[in-house]
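S.K.: Structure for this input, please:
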Amino acid sequence: MFSFFRKKEDKSFGEVKKEEPTDYSDATGIAEYFKNETGVTFDKQMNILNNKVMTFCKQRGINSFSKLLSLLDRDADIKQELIDYLTTNETFFYREFKQIEELVSLVKKDSSTVKIMCAPSSTGEEPYSIAIALLEAGVKADKFKILGIDINSDALNKAKRAVYKQRNVRNLSDEIVQRYFYKQDDKFILKDSIKSLVEFRLINIFDASFATLGKFDYIFSRNMFIYFDAQTKARAKGILQGMRKNQEQKIFFGHADEL
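M.R.: Numbers count the residues shown, from 1 in each chain. This is a model prediction of the structure:
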């Protein structure tokens, strides 16, 4: 009996596990994969992408970009983590407020309940800004529905929590902050009465399921196109145009977006 176990030990002792070589030299494959999945291009930021993805891999014990690519095809969690890692953006309330004022004016003239989409919604400042601006203009809460979408699950989780810092609310007057936020230490916590006016969904505008969201009266898509090349911008614009109830209604794009 002893010799039987001894033989098994001797056999396993001789086995040598090969370690995969470390290779973070070329992130081109990751860039192509990411563009195909999200539309976001890093053509002019390959050095930045290389460094960010290398850090991403090292934090997770992934030895090479090729290994990461193979994982992305079969591990939905890793795929979402990479999307979250590469699409983190900071925004603030009442950004490019003239467009929000224009939207408020249009909504006030509309006799029906309107549907508004923010694509992307990031951490919630924009859709919540629209809700606050509408209420401040005297529009009743039951006259509008707001949907915020994004491909970044971490950003959407933050949007749902709606806990912000001073820099996020810096464009708001003290009166508006007091009316719609609770102050806790250095945090500004949005009241539930405003949070309840916005729904958030994790979805990609290039997914076939995007069309199932229905049609919208007004669409905000600010500062998303800056991450796309010309071909992807044209494709994304066509998709958003197809989501309008009224094909004459313009889409609100960010001033930084070049179409």
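S.K.: helices and strands of the chain: which one bottoms out on pLDDT?
M.R.: Across the helices and strands of the chain, the lowest-confidence element by mean pLDDT, DSSP states H and E is helix 2-13, at a mean of 43.
S.K.: Kindly format the C-alpha coordinates of the next helix or strand after it as CSV.
M.R.: Beyond helix 2-13 on the C-terminal side, the first helix or strand identified by DSSP states H and E is helix 28-38. Listed next in CSV are the C-alpha coordinates belonging to helix 28-38 (Å, rounded to 0.1, in the frame of the first residue of the first chain):
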residue,chain,number,x,y,z
THR,A,28,-3.6,46.1,-31.4
GLY,A,29,-5.8,43.0,-31.0
ILE,A,30,-7.4,44.4,-27.8
ALA,A,31,-8.1,47.7,-29.6
GLU,A,32,-9.7,45.9,-32.5
TYR,A,33,-11.8,43.7,-30.2
PHE,A,34,-12.9,46.7,-28.2
LYS,A,35,-13.9,48.7,-31.2
ASN,A,36,-15.9,45.9,-32.6
GLU,A,37,-17.7,45.4,-29.3
THR,A,38,-18.3,49.0,-28.3
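S.K.: Helix 28-38 packs against which elements?
M.R.: The criterion is 3 or more CB pairs under 8 Å, 6 or more residues apart in numbering; DSSP states H and E, and the helices and strands that helix 28-38 contacts are helix 46-59, helix 65-72, helix 76-86. The C-beta positions use only the backbone N, C-alpha and C, and glycine is treated the same way.
S.K.: could you redo those as JSON lines and give each row mean neighbour count, distance to Arg179 and mean pLDDT?
M.R.: Shown next, in JSON lines, are those (neighbours: other CB atoms under 10 Å; distance: least, CB to CB, whole Å; pLDDT from 0 to 100):
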{"stretch": "helix 46-59", "mean neighbour count": "16", "distance to Arg179": "39", "mean pLDDT": "89"}
{"stretch": "helix 65-72", "mean neighbour count": "17", "distance to Arg179": "45", "mean pLDDT": "92"}
{"stretch": "helix 76-86", "mean neighbour count": "16", "distance to Arg179": "32", "mean pLDDT": "90"}
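S.K.: Which one, of those helices, ends up nearest to Ile189?
M.R.: Closest to Ile189 of the helices and strands packed on helix 28-38, according to CB to CB: helix 76-86, at 22.8 Å.
S.K.: Other residues contacting the closest one?
M.R.: Judged by CB atoms under 8 Å, 6 or more residues apart in numbering, the contacts made with helix 76-86 from elsewhere in the structure are 34, 37-38, 40, 49, 52-53, 56, 60, 68, 71-72, 151-155.
S.K.: at 10 Å what do you get?
M.R.: Applying CB atoms under 10 Å, 6 or more residues apart in numbering, the external contacts of helix 76-86 come out as 30-31, 33-34, 37-38, 40, 42, 48-49, 52-53, 55-57, 59-60, 62, 68, 71-73, 75, 150-157, 202, 204, 227.
S.K.: cool, stretch 235-247 as well?
M.R.: Outside stretch 235-247, the residues that reach it (CB under 10 Å, 6+ apart) are 39, 112, 114-115, 117, 119, 205-207, 210-211, 213-221, 224-225, 227-229, 249-251, 253, 257, 259.
S.K.: Span of it from start to end?
M.R.: Separation of the first and last residues of stretch 235-247 by CA to CA, to the nearest Å is 17 Å.
S.K.: now stretch 59-66
M.R.: Separation of the first and last residues of stretch 59-66 by CA to CA is 16 Å.
S.K.: Quick one: distance of that stretch to the chain centre.
M.R.: For stretch 59-66, the distance between its averaged C-alpha position and the chain's averaged C-alpha position is 24 Å (CA atoms, centre = their mean, to the nearest Å).
S.K.: Test my guess that Ile130 contacts Lys115.
M.R.: No - under the contact definition of CB atoms under 10 Å, Ile130 does not touch Lys115, with a separation of 11.9 Å.
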